[in-house]
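*Asks:* Test case, fold it:
(one chain, ligands or ions: 2)
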Amino acid sequence: MYQILVADAISEEGLYPLLNDTNAEIIQKKTDDPEVDLSTIKALLVRSATKVTDELMAEMPNLKIIARAGVGVDNIDVPAATKRGIIVINAPDGNTISTAEHTFAMMASLMRNIPQAHSSVKNLEWKRNQYVGTELFGKNLGIVGMGRIGSEIAKRAKVFGMSVLVFDPFLTKERAAKLGVESTTLDEILQRSDIITVHTPLTPETKGIINEEALKKTKKGVRLLNCARGGIIDEQDLAKYVANGHVGGVALDVFETEPPGEHPLLKYDNVIVTPHLGASTKEAQLNVATQVAQEVRTYFEGNPVSNSINLPAISKDIYEKIQPFYQISKQIGNILTQCVKEGVHELSITYSGSVTELETAYLTKAMLSGFFKGRIDVNVNEVNALLTAKERGITVGEKISTEAFGYDNCISVTAKGEENAFTVRGTFIDHYGPRIVYLNGFNIDFLPEGNLLYIQHMDRPGVIGHVGQVLGDHHINIATMQVGRKQAGGEAIMVLAFDKPLSENELSLLNNLDEIVSINPIIL
Ligand SMILES: NC(=O)c1ccc[n+]([C@@H]2O[C@H](COP(=O)([O-])OP(=O)(O)OC[C@H]3O[C@@H](n4cnc5c(N)ncnc54)[C@H](O)[C@@H]3O)[C@@H](O)[C@H]2O)c1
Ligand SMILES: O=C(O)[C@H](O)COP(=O)(O)O
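*Replies:* Ligands and ions are numbered 1, 2, ... in the order given. Predicted coordinates for the structure are as follows:
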C-alpha cells in the first residue's frame, strides 16, 4: 500500500488511474494540514501552488516521487529532490493548447480593449470612441521561447495574418522554416515587434530577460504579454515603462508573487490580467491529472516513467530487457561495498557481450545504488547515484570490452582504494539467473542472494571439513557452497549460503581456524 498526497486542486476524474488502484491510498489535503502524517507519504501530487522545498522533503523521508500536474516545475526544488533520490515528473503537453489559446485570447483582448469595454458597458456607459482598437493582421509578433506553447501561438498568429519573429537558442533552422517563422535574435525581436509574448520556463537565465535594458530597445507603444511565469518580464521595470507611456499595453496571467496583492501594474487601465488561468480548462486539467496519475501508478508497479525531469527516459521495452542486468549490477555494487575494507576512490565498470547493446549508463547507476546501500543515510537510486559518487570523491568509469570470459554477457566492476583493488564479475544466464563468476582474483560461481559468507583460506586437505564441523556443532545448515582456487595448495576461497546470518560467536570460531585467512559475511 502506498499513500499519495494530492496537495493542490487536481481533477478528480483525472486521478482515476490511482483511485482505481487497490494499492493506493489518496489523501487530498494541503502539506501543512495537521491531520497529514507527511512521514508516510510516498507520492506527492501538486500544481503550481504548493512550494515543494527541501525543508518539506526533509519531513517526508518515504517520498519517492513528486508529480507536477502541469509543465512548470519552478515551484519544486528539483536539485534538492535529485539529491534525495526523489523522482520528479511533470505533464509536459497536457495544457499546451489551453495555454496557447489563453495567450491568444489575452492578445486579442488587449488589442481590442475588451476587458475595459466590458466593464464600461456593465457600468451603464457606451464609450465607443474610447475603445478603438488595433488589428492583429499585419503586425509583427515576437515570441521568446519557441517550445510547445510558443509553437502553437505561432500557428494561430499566422492564420491571423501576423508576421512571426522568434527567439529560442534551441530552435533549429529546419523547424523554424517548417513553422513558417523568422528565427532571429532577442535584440531584433525587441526592436521590430509590435507585440512580444514570452514562453520560456523561469530559469536563472530567463529571469528578467525582458528588463529595463530590453524595454529600452522596444518600439514605442509595444504590447507585452506574459502567460508563462512571473519574473520573465521584470515587473518593476515594466511598471516604469507603462507609467512613462512607452509600453502601450500589457497582458499578464502570471506574477512574481501569486496572488500579486497591491501590485504597481494593476492600477493602469491598459494592463489586463487573469489569475494564472492558462491551464485552467476542463480539458487541460483532465489531461495533466490523467498523465501524472498514470505515471505514478506505473512507477509503483515497478515500470519506467516517461516524463521525468531528473531521470533519463527509458522505454518499457528496454526497461524489461535491462531488468535482469539491473539486479545483478546492484548486487555487484553491494558485494563490493561489503568486501572492500578501505575508502574507495574509483569504481570502474566494464561491460561485455550482449549487455553492451543495452543502456549501460542505467546499469552503472544501479551498481552505484548497490554500492552505497547501507553505507550512507541517503537512499541512493538512479536519480542521485552519480551525484552521490561525485560528492564523495569517487570517480566512476564505464568501459565496453570484447572479453566476456566465455559468457554471453559479463559485468565486471573494480573498486580501487589507496592500498588495494577488488574486482567482482557477474553474468546473467537465461533460465538460470544471476551468477557471480569472479571474486577478487578467483573464478567461482554462486547466486548473489541471501546470507552469504565469503571465506579466504589456504587450500589444504580438511579445511572444508573443519568449517563444516564448526557449523554443524552450532546446528547451522549450509544451503550452498562453492569453492575456487588458483593453484593446488595456494590461496583459495569458498562462498557459503545460509538460511540466516551467522552470529558474532560463530563467525569468530570460523575465523580462528588455522587455515582461514579471512572471513567476510555478505548479506544481499
Ligand atoms: N500560464 C499558465 O498557466 C502556464 C501553463 C503552461 C505552461 N506555462 C509556462 O510556460 C512555459 C513554457 O511551456 P512549454 O510547454 O512551451 O515549454 P517548452 O519546454 O516546450 O518550451 C520552452 C522553450 O523555451 C526555450 N528557452 C529556454 N530558455 C530560453 C532562453 N533563455 N531564451 C529563449 N528561449 C528559451 C526552450 O528552448 C523551449 O523551446 C512553462 O515553463 C511554464 O512555466 C504556463
Ligand atoms: O506550468 C504550468 O503547467 C502552468 O503554469 C499551470 O499551473 P497550474 O497547474 O497551477 O494551473
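
*Asks:* number of nearby residues for the residue in the chain that ligand 2 sits nearest to?
*Replies:* Closest residue of the chain to ligand 2, CB to the nearest ligand atom: Gly70 (2.6 Å). Every residue, glycine included, has its C-beta placed from N, CA and C. By the criterion of other CB atoms under 10 Å, Gly70 has 27 neighbours.

*Asks:* what helix or strand does it sit in?
*Replies:* Under DSSP states H and E, no helix or strand contains Gly70.

*Asks:* Contact partners for it?
*Replies:* Taking CB atoms under 8 Å, 6 or more residues apart in numbering, we find Gly70 in contact with 47-48, 90-91, 94-95, 279, 288.

*Asks:* between those residues, which is closest to ligand 1?
*Replies:* Ala279 (4.0 Å).

*Asks:* isn't there a helix covering that closest one?
*Replies:* No: under DSSP: H, G, I helix; E, B strand; the rest coil, Ala279 falls outside any helix and is assigned coil.

*Asks:* That one contacts Thr96, correct?
*Replies:* No: judged on CB atoms under 8 Å, Ala279 makes no contact with Thr96 at a distance of 9.1 Å.

*Asks:* out of those two, which sits in the busier spot?
*Replies:* Remark: of Ala279 and Thr96, Ala279 carries more neighbours, 26 against 20, as counted by other CB under 10 Å.

*Asks:* Look up phi and psi at that one.
*Replies:* phi -100, psi 10 (degrees, to the nearest 10).

*Asks:* SS state for the residue nearest to Val181 when sequence neighbours are not counted?
*Replies:* If the residues on either side of it in the chain are set aside, Val181 comes closest to Val164, at 4.2 Å by CB to CB, 6 or more residues apart in numbering. Using three-state DSSP, the structure places Val164 in strand.

*Asks:* who's Val164 bridged to?
*Replies:* Beta-bridge partners recorded for Val164 (DSSP bridges): Leu141.

*Asks:* Thr103 belongs to a strand, doesn't it?
*Replies:* No: read with three-state DSSP, Thr103 is helix and lies in no strand.

*Asks:* thinking again about what came up before, which residues are in contact with the residue nearest to Val181?
*Replies:* For Val164, the contacting residues are 140-141, 143, 154, 157-158, 179-182, by CB under 8 Å, 6+ apart.

*Asks:* From these, which land in strands?
*Replies:* Taking DSSP state E as the definition of strands, those contribute 140-141, 143, 182.

*Asks:* neighbour-wise, which of the residues you listed leads?
*Replies:* Busiest of the ones in strands among the contacts of Val164 [other CB under 10 Å] is Ile143, holding 29 neighbours.

*Asks:* Give me the pLDDT value at it.
*Replies:* Listed pLDDT for Ile143 reads 98.

*Asks:* Over to Tyr319?
*Replies:* Looking at Tyr319, the pLDDT reads 83.

*Asks:* what's the answer for Leu15, then?
*Replies:* At Leu15, pLDDT is 97.

*Asks:* That one in helix, strand or coil?
*Replies:* helix.

*Asks:* Repeat that for Glu419.
*Replies:* What three-state DSSP gives for Glu419 is coil.

*Asks:* out of everything not next to it in sequence, what's closest to it?
*Replies:* Excluding the flanking residues, the one nearest Glu419 by CB to CB, 6+ apart is Glu342, at 5.9 Å.

*Asks:* Share the number of residues neighbouring the spatially closest residue to Thr53 that is not a sequence neighbour, please.
*Replies:* Nearest residue to Thr53, sequence neighbours excluded (CB to CB, 6+ apart): Asp77, at 5.5 Å. Applying other CB under 10 Å, we find 21 residues neighbouring Asp77.

*Asks:* I'd assumed Thr50 was in contact with Asp77.
*Replies:* No: shown here, Asp77 and Thr50 do not form a contact pair, counting by CB under 8 Å, at 11.8 Å.
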